[in-house]
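Novice: can't give you the sequence, but here's the structure:
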């Protein structure tokens, strides 16, 4: 039986598993440069939850269909007129739409205890940049462009960018980017801290798959707990982080994965981790 992640059909996404243990979510609105609608944010929440619930899937790739864009933020074209009318008719409709929409997606990605990678082609701007930064890694095509264009039309970095941008590049640079609506080529974006790795366009997909295969082959318990510990470390004291480590080793050290890893080390072979 196929996992739920692969069997559920979404209107605005394509979900597949391009390698063992690797899941991929593709934003599938290339005609709108993968700008998100409220419907897409609901699809994303469902797909991320399905990935999180499947222990056979160990790494997530998030990308956009086509060559023009990873995601260009919110769809300003009015493609969901009935939804827009409903939002405008409610006193706090816009805040609720944001909370239940893209903010929930960004939060879901940040809460994942499995690694995620944004594979960026074309533009990743405004909410699209926040979406990419919500992932653990960002691999960008050499021709990609990243930045924040929200202020250009009087909007805000409201999908999570006000929190994510300064943590990636520093407060002064984040303010400059957002207030002046700056967009950077991939190499400059990497220098500023927005990108993990820049790859030649033709090699991007294979490089991302290679990286994710490597992650998927690692011990799942150790990977997930390491991500959780490091994610908390910036918000707690050293003493509290050390307590986290003490709790975590009570899971990892007695595990079958550690026994397998030690055997493989002495037998000079690659380990076969099962997440147990």
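Specialist: Ah, there it is. No experiment lies behind these values; they were computed from the predicted model shown.
Novice: where along the chain do the strands fall?
Specialist: Here the chain has its strands, by DSSP state E, at 13-19, 22-27, 59-64, 69-71, 116-120, 123-125, 137-141, 145-147, 183-185, 197-199.
Novice: Quick one: the helices in the stretch 151-276 of the chain, in order.
Specialist: 161-169, 171-179, 186-192, 204-216, 220-233, 238-252, 256-267 (DSSP state H, counting those that start in this stretch).
Novice: which strands and helices sit next to the second one?
Specialist: Using 3 or more Cβ pairs under 8 Å, 6 or more residues apart in numbering; DSSP states H and E as the contact test, the elements touching helix 171-179 are helix 161-169. Placement of C-beta: from N, CA and C, glycine included.
Novice: again, 10 Å this time
Specialist: strand 145-147, helix 161-169, helix 186-192 (3 or more Cβ pairs under 10 Å, 6 or more residues apart in numbering; DSSP states H and E).
Novice: export these to JSON lines and tack on distance to residue 7, mean neighbour count and mean pLDDT?
Specialist: Formatted as JSON lines, these follow (distance: least, Cβ to Cβ, whole Å; neighbours: other Cβ atoms under 10 Å; pLDDT from 0 to 100):
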{"stretch": "strand 145-147", "distance to residue 7": "33", "mean neighbour count": "24", "mean pLDDT": "98"}
{"stretch": "helix 161-169", "distance to residue 7": "32", "mean neighbour count": "19", "mean pLDDT": "96"}
{"stretch": "helix 186-192", "distance to residue 7": "35", "mean neighbour count": "19", "mean pLDDT": "98"}
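Novice: Including distance to residue 53, could these go into TSV?
Specialist: Formatted as TSV, the helices and strands packed on helix 171-179 follow (distance: least, Cβ to Cβ, whole Å):
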stretch	distance to residue 53
strand 145-147	31
helix 161-169	25
helix 186-192	33
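Novice: who wins for proximity to residue 65 among the ones you listed?
Specialist: For residue 65, the closest of those is strand 145-147, at 17.2 Å, according to Cβ to Cβ.
Novice: need the strands of the chain in a markdown table with distance to residue 37, can you?
Specialist: Listed next are the strands of the chain as a markdown table, based on distance: least, Cβ to Cβ, whole Å:
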| stretch | distance to residue 37 |
| --- | --- |
| strand 13-19 | 12 |
| strand 22-27 | 10 |
| strand 59-64 | 14 |
| strand 69-71 | 11 |
| strand 116-120 | 19 |
| strand 123-125 | 16 |
| strand 137-141 | 23 |
| strand 145-147 | 22 |
| strand 183-185 | 22 |
| strand 197-199 | 29 |
